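J.: turn this into a structure:
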Amino acid sequence: MGTINVKDLQGAEVKVQAVEGYSLMELLRDNGFEMAAICGGACICGTCHVYVRGENARHLPEPAYDEAELLETKPDYIEGVSRLACQINYAEELDGLTLELTEDN
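T.: Reported below is the predicted structural model:
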């Protein structure tokens, strides 16, 4: 178990306990953050768009083709920072990762 830092739309930052194997989308929703996540993690809606920041972001794999294509359609897309929370499973090397919620949620 570890923690991720979540920055909400008002700029407040909260530490959230993270369990290995859960997607970042699941961790956010389970900890009370509003996230539409309409498709439930199927990588087809883009409503779990977050910005991934922090030193540990280097441990993330590159987005798969489907995720990258969907992210590029988002008006607030930032290359190298935008990700879909449903497509990233928490692992211990991500301990301390910072997620910033976006208007897409």
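
J.: next, give phi and psi for the residue nearest to the spatial centre of the chain.
T.: Taking C-alpha atoms, centre = their mean as the criterion, Ala85 is the residue nearest the geometric centre of the chain, at 3.1 Å. When quoted as degrees, to the nearest 10, the phi and psi of Ala85 stand at phi -60, psi -30.

J.: start the count at 417, not 1, going forward
T.: Sure, I'll start numbering at 417, so the last one becomes Ala501.

J.: verify the stated contact: it with Tyr467.
T.: No: using C-beta atoms under 8 Å as the test, Ala501 is too far from Tyr467 to be in contact (10.3 Å). Just so you know, the C-beta spots here come from the backbone N, C-alpha and C atoms, and that holds for glycine as well.

J.: need the overlap of contacts for the two.
T.: Jointly contacting Ala501 and Tyr467 under the rule C-beta atoms under 8 Å, 6 or more residues apart in numbering are Leu515.

J.: show me where the protein has its helices.
T.: Secondary structure of the chain (DSSP state H): helices at 440-446, 481-487.

J.: just the buried residues of the first one, please?
T.: What that stands for is helix 440-446. Judged by neighbour count (16 or more other C-beta atoms under 10 Å), helix 440-446 contains these buried residues: Leu440, Met441, Glu442, Leu443, Leu444, Arg445.

J.: who's in contact with that helix?
T.: Residues outside helix 440-446 that contact it (C-beta under 8 Å, 6+ apart): 420, 422, 432, 434-435, 438, 451, 453, 457, 464, 466, 500-502, 504-506, 515, 517.
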